[in-house]
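S.K.: The following comprises the amino acid sequence and a computationally predicted model.
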Amino acid sequence: MSFLELHAVTKTYGAVKALNSIDLSVVEGSRTAIVGPSGSGKTSILRIIAGFEASDSGSVTLDGTTLADGSTAVPAYKRGIGIVAQDGALFPHLDVAGNIGFGLPPSDPARAERIAELIDMVGLSATMLKRKPDQLSGGQQQRVALARALALKPRLMLLDEPFSALDTALRLSTRKAVAELLHRERVTTILVTHDQEEALSFADQVAVMHGGHLLQVGSPHELYWRPRTAMIAEFLGDALLLPGSIAEGWAHCALGRMPVGDLAFQGTAQILVRPQQVSLQPRPAKPNGGVLGEVIDIDFAGSSSTLAIRLMEGNAPVVMLRTSLCEPFAPGEIIELVVTGKAHMLD
Amino acid sequence: MRTAKLASGLAPVHPLAVSLAPRGGLRRPMSFVFFLATLISLIMLLPLGFVVWVAIQTGWETASALIFRPRVAELLINTVLLVALTVPICIALAVALAWLTERSDIPFARLWAWLAVAPLAVPAFVQSYAWVSVAPGMSGIGAGVLISTLAYFPFMYLPVSATLRRLDPALEDAAASLGHSPSLVFFRVVFPQLRLALCGGSLLVGLHLLAEYGLYAMIRFDTFTTAIFDQFQSTFNGPAAYMLSGVLVLLCFVLLGGEAVVRGKVRYARVGSGAARPIPRVRLGPWALICLCLPIAVATLSLGVPFITIGRWLMAGGSAVWQFDEIGAALFQTLGLAIAGGILATLAAIPMAWISIRAPGTLQRVLEGCNYVIGSLPGVVIALALVTITVRVALPLYQTFATLLLAYTLMLLPRALVSLRASIAQVPVELEQAAASLRFSPARTLQSVTLRLAAPGAAAGAALVALGILNELTATQMLAPNGVRTLSMAFWSLSGEIDYAGAAPYALIMVAFSLPLTWLLYIQSKRIAGR
C-alpha cells in the first residue's frame, strides 16, 4: 500500500513545462531519492508535495488524504510535512533552541526537554542551544534544520539537496547520520539531489528525472544495472555503451560475447557494460576468452587512472575505462579485456 | 617602481598606498589619504566642539539657570511627545504599505511603491503650508504628528520595503512546513527580521523631527529647533540659544544611542546563499479593494493635498505671482548652491569612503562615525555654531558662500559617503592592483579606475546632497550672504507674509526639481535589494 501517491502532476511556468504528468508512489517508512540534473524539475515536485506551490493539474494524496487535486490544495501549514532546505533556512533572528522549538507550542511545559532531546538526536551538543545560526558550520546548520523539522514528528520528510553545500567528507558523514536517524524514527523521506552517488546510497527507491519527465523509478540496484535508456545509464555512473547483436540470450559486441537476461530478443541493440565488469590483463600468450585492445592514452589522477583503449574487434571503437591498478599499462601496449557478468540491453 | 616591488613583496599593500611613500623609501602606507580623511573629520567635528566649548565657557550656574526652567520643560515635552507619537505611526504605516506593495498582489503595486517614496519631494514646510491652507485652524501636537507622518514616513518605507524584498523566501516556507499560518509566519518570522530596517528608519525619522523648523513654525507648534531659531532671531547668539542647542544635541545623542541599543550587535546575515526564488505574493482576492484604500488615502493626503493646494493658489494668483526675474534669480542661486554643495560634499567624502573600504580599522570606523554623528545634528545647531565661530574667529567668512557650503557639507556629507562607500566597495581591489602593475601612479589609479567605476554611485550621492540643499531652510536662512534668496527662503518669507499665492510658484519649482531625485532614491533602494 503506497503512502504518498502523485498522479499525473503537471506544472508549467510560463512557456516552460517544469513537470510533465508525474506519477510516483512512495511506500510508508521508505526512503526515495529523486535525482536529475539541475533544471530537471525535481525541486518543483518537492515544492508541490510540501504545498509551497500548486500544481496545474493532477493529484497528491498522503496516507489516504487528498492534499491536492487539480487546482485545489491543502495549504502547506496544514500538511504536517517536514522539509530541510538546501542551506537549512534557519531563522537568523533566533538561536538554535529557538529554531528547533519553533514549531512547538511556546507554552508547552515539556518544550525545553523536547528541544534537548532533539538536539541530542541529531548528534549535536546541548551547549550549542544558545548559539545563533551564523555561528554554526554548514553541517551543524543542516542538523539543526533537521531537528527543527523532526520536532513535529512529520508524516513525511522532504530533503531538498540538504548535503550539497557541504564539503565532501562532511557530506558523507552527515548523509549517513541523517539516513540512520530517519530510518530509526521510521520517517518516510524523499530526497532531492543532483548527485547520483548520494541518491543510490541514500535511498530504497530512486527516481530519475530529466526535462520534467520521470524517466525511470526503481531500486538503486535495478536502476544502476538495468537502466532503461543510455541517458540514465550514463547519469548514474561510468558506462560503456556499445552496439551489439543479440541472439538466444547472448550478445556480441566489440568487448566480446556475453550473456544478456532476455532470451527471446533477436536483433541489434545498444549494450551496457559497467567498467567494474571489465578486468584488464597484460596480453596473454594464448587468449583466454577476452578481446584485445591497444592502450592509446593514460590520464593519471592519483587514486585512479583513465585509460583510452582502442579495441581490436568490430570497427575498432575507443573505450574509456577508469582503473585503480597500481601500475597501469603504458601507451602503445596491447592488453586483454575480459568481461564478467551479464551485459544489459538498452531499449 | 622599485618601491612598489619592494612593498608588494612585503605584504598585501594597496597600490595607492605605495605611491604615498616618498621616492626611494618605505613609509606607513596610505598616510596621505589618512591625513585627508582625519582632517575632514576634524572639520566635521567643529560644531560639536563648539557646543562643548560653549557649555564649558558658560559655566554650570548660568547653564543650569538657562536649562532648568518651565519653558525648556515645555519644549522637552512637546519634542518628546512628537517623536514618541510620530515614530510608531510611521512604523505601522510603512510596514503596512511595504507589505502591500512588496508582498501582495495589490493592483498597480509599482505605482503605489513610487508614490510612497514621492512625498520626499515635498519639503516638510511646503507640506505644512498646504495643510494650513486647507485647514487654517491647524495647530498643536495633533497637527504636528499628522503632517510629520505624511512628510517623513517614506524614510521608514524605503528600508522596510527593501528588506521585505530581500528576505529569503525559504524561511517562510520552513515556518509554514512547521504548521504556521501565513499571519503567524508574518509575526514570528518576517516582522522580527525587519528590526534593523525599523531601527534605521526610526532614527532617520526621529532626527528629522528634532531638526525640522519650517513645518512646526508654520503651525505654531514649539519644539527645540523652533525655539532656538526664534532666540537666534531675537538675540542673535545669546547664551539661551546655546543652551537650548546643547539640550537638542543631547536629544540627538539619546536617539543615536537608543537606536544602537535596540539594534544590538546582531546582524541578520542571511545564512547561506538561499534559493534565487522570487518571493511569492499573497493573493488578496476580494480584500484587494479594501486594501487599496490605504495607499490611495496616503497618496491623497501626502501628495494630493500639497499638489491641490499649490494648484489652487496658482490659479488664484494668476499670472501676477510669476515674477520671473525674482523666481529666475532664486532658481539660479539655489541650483548653483545645490550643485556646488553636491560636488563639495562628494569630494570631501572620497578619502573617508576610500579608506573605510580599502583599509578598514578601528580608527577609520571612529572617523567615519564622526561624520555620521555630525550629519545627524540639526541644521539650526550647525548654523548657530558656524555663525558664532565666524563672528568670533574669522569675521571675513561670516555670511559668505564658503561658510554656507561648509554648513551644507557638514549636514549632508553622510549622504555622499553612503553612496560613494557602496560603489567603491563594488570596485574589485584587483583592478587597482592591475592598474598599479601597468605603471599607473596611485593618483592616476584612483582617478581613472576607482573613481571612474564608482562614478554612478558618486553622482547619486551628489544628487541626494543637492536634493537636501534644494529643500534646506533653517541653516540657509541663518547663514546666507546678503542678497542671496534661495527658493526656500523666498517661499518662506512670502508665506510668512501670508502671501500664499505668491509662495506657490516657489513651492512648485522645489517639488518639480525634487521629484526626479526621489525617483533616484526609489531606484537605489531597489538596487540595494538586488533587483
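M.R.: Nice, thanks for sending it over.

S.K.: Spatially central residue in chain B, please.
M.R.: With distances taken as CA atoms, centre = their mean, B:Arg415 lies nearest the centre of chain B, 6.2 Å away.

S.K.: Spell out which residues of the stretch 101-250 of chain A are next to chain B.
M.R.: With the criterion set to CB under 8 Å from any CB of the partner chain, the stretch 101-250 of chain A comes near chain B through A:102-103, A:132-134, A:138, A:141, A:145, A:148-149, A:151-152, A:154, A:165. (C-beta placed from N, C-alpha, C; glycine too.)

S.K.: switch the cut-off to 7 Å
M.R.: A:Phe102, A:Gly103, A:Pro133, A:Asp134, A:Gln141, A:Arg148, A:Leu152, A:Ala165 (CB under 7 Å from any CB of the partner chain).

S.K.: Restricted to buried residues, select the residues you listed in ChimeraX.
M.R.: Of these, the buried ones can be selected in ChimeraX as follows, counting by 16 or more other CB atoms under 10 Å in any protein chain shown:
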select /A:102,103,133,141,148,152,165
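
S.K.: Can you tell me which of the residues of the stretch 101-250 of chain A next to chain B lies closest to chain B?
M.R.: Of all these, A:Gly103 has the smallest distance to chain B: 3.4 Å, by CB to the nearest CB.

S.K.: Ramachandran angles for the closest residue in space to the closest one that isn't next to it in sequence?
M.R.: Spatially, and ignoring its direct neighbours in sequence, A:Gly103 is nearest to B:Leu178 (3.4 Å; CB to CB, 6 or more residues apart in numbering or on different chains). Per-residue torsions, B:Leu178: phi -100, psi 20 (degrees, to the nearest 10).

S.K.: hang on, the earlier thing: in which helix or strand does the residue nearest to the residue nearest to the centre of chain B when sequence neighbours are not counted reside?
M.R.: When the adjacent residues along the chain are set aside, B:Arg415 lies closest to B:Leu464, with 4.4 Å between them (CB to CB, 6+ apart). B:Leu464 belongs to helix B:451-470 when assigned by DSSP states H and E.

S.K.: Heading C-terminal from that helix, find the next helix or strand.
M.R.: Next along from helix B:451-470, by DSSP H and E: helix B:474-479.

S.K.: Return the list of helices and strands in contact with that next one.
M.R.: For helix B:474-479, the packing partners by 3 or more CB pairs under 7 Å, 6 or more residues apart in numbering or on different chains; DSSP states H and E come out as helix B:379-392, helix B:401-425, helix B:487-496.

S.K.: Any chance of these in TSV with mean pLDDT as columns?
M.R.: Formatted as TSV, these follow (pLDDT from 0 to 100):
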stretch	mean pLDDT
helix B:379-392	88
helix B:401-425	88
helix B:487-496	92
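
S.K.: Mind telling me which residue of chain A is nearest chain B?
M.R.: Counting by CB to the nearest CB, chain A gets nearest chain B through A:Asp87, at 2.6 Å.

S.K.: circling back: thought the residue nearest to the centre of chain B was touching B:Ala466?
M.R.: No - between B:Arg415 and B:Ala466 there is no contact under CB atoms under 7 Å: 9.6 Å.

S.K.: so what secondary structure elements neighbour the helix or strand where B:Cys291 lies?
M.R.: Using DSSP H and E, B:Cys291 falls within helix B:287-299. Other elements packing on helix B:287-299 under the criterion 3+ CB pairs under 7 Å, 6+ apart are helix B:70-103, helix B:109-117.

S.K.: In CSV, list the ones you listed along with distance to chain A.
M.R.: Below are the helices and strands packed on helix B:287-299 laid out as CSV (distance: least, CB to the nearest CB, whole Å):
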stretch, distance to chain A
helix B:70-103, 15
helix B:109-117, 20
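
S.K.: wait, which of those helices is closest to B:Val249?
M.R.: Nearest to B:Val249 among these is helix B:70-103 (12.7 Å), distances taken as CB to CB.

S.K.: how far off helix B:109-117 does the closest one point, in degrees?
M.R.: 170 degrees (axes from the mean of the first three to the mean of the last three CA atoms, to 10 degrees).

S.K.: buried set for helix B:70-103?
M.R.: Applying 16+ other CB under 10 Å to helix B:70-103 flags B:72, B:75, B:78-79, B:82-83, B:85-87, B:89-91, B:93-103 as buried.

S.K.: do the same with stretch B:228-246
M.R.: B:228-229, B:231-232, B:237, B:239-246.

S.K.: How about stretch A:57-65?
M.R.: A:Ser57, A:Gly58, A:Ser59, A:Val60, A:Thr61, A:Leu62.

S.K.: and the fifth one, what does it touch?
M.R.: Contact criterion CB atoms under 7 Å, 6 or more residues apart in numbering or on different chains gives A:Glu5, A:Leu67 as the residues in contact with A:Thr61.

S.K.: can I assume it sits in a strand?
M.R.: Yes - looking at A:Thr61 with DSSP: H, G, I helix; E, B strand; the rest coil, it is inside a strand.

S.K.: Return the distance of it relative to A:Thr32.
M.R.: With distances taken as CB to CB, to the nearest Å, A:Thr61 is found 15 Å from A:Thr32.

S.K.: Output the contacting helices and strands for the top helix by length along chain A.
M.R.: As assigned by DSSP state H, the longest helix anywhere in chain A is helix A:168-184. Contact here means 3+ CB pairs under 7 Å, 6+ apart; on that basis helix A:168-184 packs against helix A:138-150, helix A:196-202.

S.K.: any idea which of those helices is most buried?
M.R.: helix A:138-150 (a mean of 25; mean count of other CB atoms under 10 Å in any protein chain shown).

S.K.: Now do the end-to-end distance for stretch A:322-331.
M.R.: 15 Å (CA to CA, to the nearest Å).

S.K.: who touches the residue lying closest to A:Leu170 once chain neighbours are set aside in this structure?
M.R.: Leaving out its chain neighbours, the residue that sits closest to A:Leu170 by CB to CB, 6+ apart is A:Gly139, at 4.6 Å. Going by CB under 7 Å, 6+ apart, A:Gly139 touches A:Leu166, A:Leu170, A:Thr174.

S.K.: so where is the chain shaky, pLDDT-wise?
M.R.: Going with chain A. A:1 (pLDDT under 70).

S.K.: not what I meant, chain B
M.R.: In chain B, residues with pLDDT under 70: B:1-30, B:236-237, B:265-277, B:526-531.

S.K.: picking that back up, what are the buried residues along the helix holding B:Cys291?
M.R.: The neighbour-count check on helix B:287-299 (16+ other CB under 10 Å) flags B:Cys291, B:Leu292, B:Pro295, B:Val298, B:Ala299 as buried.

S.K.: Tell me how far the fourth one lies from B:Thr476.
M.R.: According to CB to CB, B:Val298 stands 29 Å off from B:Thr476.

S.K.: Checking the residue nearest to A:Glu161 when sequence neighbours are not counted next. Helix, strand or coil?
M.R.: Spatial nearest neighbour of A:Glu161, excluding adjacent residues (CB to CB, 6+ apart): A:Gln86 at 4.7 Å. Recorded secondary structure, A:Gln86: coil (three-state DSSP).

S.K.: go on, A:Thr10?
M.R.: When classified by three-state DSSP, A:Thr10 comes out as strand.

S.K.: ok, it touching A:Ala18?
M.R.: No - between A:Thr10 and A:Ala18 there is no contact under CB under 7 Å: 8.8 Å.
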